[in-house]
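Colleague: Sharing a model prediction with you, sequence too.
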Amino acid sequence: MAKLPHQLQREHSHRVEALFSSLDAGRLTLRNRLAVAPMTRVSATAEGMPTQHMSDYYTAFAEGGFGLVVTEGLYTDKAFSQGYLFQPGLTEARQRDGWRPIVERVHDAGSRMVAQLMHAGALSQGSAYSAGTRGPSAIRPKGQQMAFYRGSGTYPVPTAMSFEEIAQAVKGFADAALLAREAASTAWRSMLRTAICSTNSSRRASIFATIAMAVPSRDGCA
Ligand SMILES: Cc1cc2nc3c(=O)[nH]c(=O)nc-3n(C[C@H](O)[C@H](O)[C@H](O)COP(=O)(O)O)c2cc1C
């Protein structure tokens, strides 16, 4: 039997209520279930430093009521992870410190923030650090580079990464995850220093696993 309008309305308002109820997501308590998807905007400096423009953009989402703000994809090392020119990075203390006031503003507006860590791999189309691209295999990605991210033409054929380069890329994620945590809280700083000094790979892996990571866009994948 078809549902009566008032039944539909009740179900609808129940669902809307759920959307605005708080959520415990791992270590984060979110005020609601609205999250901003990661969106690359290439509005950092050429050195991957976040800008005032970015700060205003992320704060606007928080002030608009989103419970969770996910950053655009941040590159994780200065080897081959950068995907686009003017993409922000999280590879050094300076970049971490650039994120601190942004995280603070987002927190002050009542939202939580998660860093999306991203290695562009074969889909990289611009880097301040390296020429050429690295990927798991020397296979040209399908499709065309994205013009609005300053790319043009087909993707180059990447050089296949050595095991050592893959290990370095993994370490880049772990290091960037630690920087993300440091950017979010001064209280973490001393703990993290201890973690870094006494860490072994499994300790790092567990820290690493708590941070959201980018799954590169499927565009261009074979
Ligand atoms: C301008 C733009 C930039 C994006 N940048 C990223 C990104 O940095 N990382 C990512 O994982 N997805 C990125 N995406 C994908 C979005 O996060 C989202 O998954 C996609 O827009 C599909 O969302 P929808 O199903 O709500 O339309 C981007 C999308 C847009 C439109």
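Modeller: Nice, thanks for sending it over.

Colleague: can we go C-alpha only for contacts and neighbour counts from here?
Modeller: OK.

Colleague: Settle this for me: residue 156 is touching residue 134, isn't it.
Modeller: No - taking contacts as CA atoms under 8 Å, residue 156 lies outside contact range of residue 134: 9.7 Å.

Colleague: Can you pick out the residue with more neighbours from these two?
Modeller: Set side by side, residue 156 and residue 134 show unequal neighbour counts under other CA atoms under 10 Å, the larger going to residue 134 at 24 against 19.

Colleague: ok, the spatially closest residue to residue 159 that is not a sequence neighbour to the ligand distance?
Modeller: In this structure, residue 159 finds its nearest non-sequential neighbour in residue 134, 4.8 Å apart by CA to CA, 6 or more residues apart in numbering. Relative to the ligand, residue 134 is positioned 19 Å away (criterion: CA to the nearest ligand atom, to the nearest Å).

Colleague: which ones are touching residue 134?
Modeller: 80, 121-122, 158-161 (CA atoms under 8 Å, 6 or more residues apart in numbering).

Colleague: check those residues against the ligand, which are close?
Modeller: Judged by CA under 6 Å from any ligand atom, the overlap between these and the neighbourhood of the ligand is nil.

Colleague: which neighbours do residue 156 and residue 134 share?
Modeller: Common neighbours of residue 156 and residue 134, using CA under 8 Å, 6+ apart, are residue 122.

Colleague: Buried residues, the longest helix seen in the chain. List them.
Modeller: Ordering each helix of the chain by length in residues (DSSP state H) puts helix 163-184 first. Neighbour counts over helix 163-184 (16 or more other CA atoms under 10 Å) mark 165, 169-184 as buried.

Colleague: Not counting sequence-adjacent ones, nearest residue to the residue in the chain that the ligand sits nearest to?
Modeller: Using CA to the nearest ligand atom, the closest approach of the chain to the ligand is made by residue 39 at 3.2 Å. Spatial nearest neighbour of residue 39, chain neighbours left out: residue 72 (4.6 Å); criterion: CA to CA, 6+ apart.

Colleague: what sits against that neighbour?
Modeller: Residues near residue 72 by CA under 8 Å, 6+ apart: 38-41, 115-116.

Colleague: Out of those, which sit inside strands?
Modeller: Counting by DSSP state E, the part of these found in strands is 115-116.

Colleague: which among the contacts of residue 72 end up buried?
Modeller: So, of the contacts of residue 72, 38, 40, 115-116 end up buried under the neighbour-count rule (16+ other CA under 10 Å).
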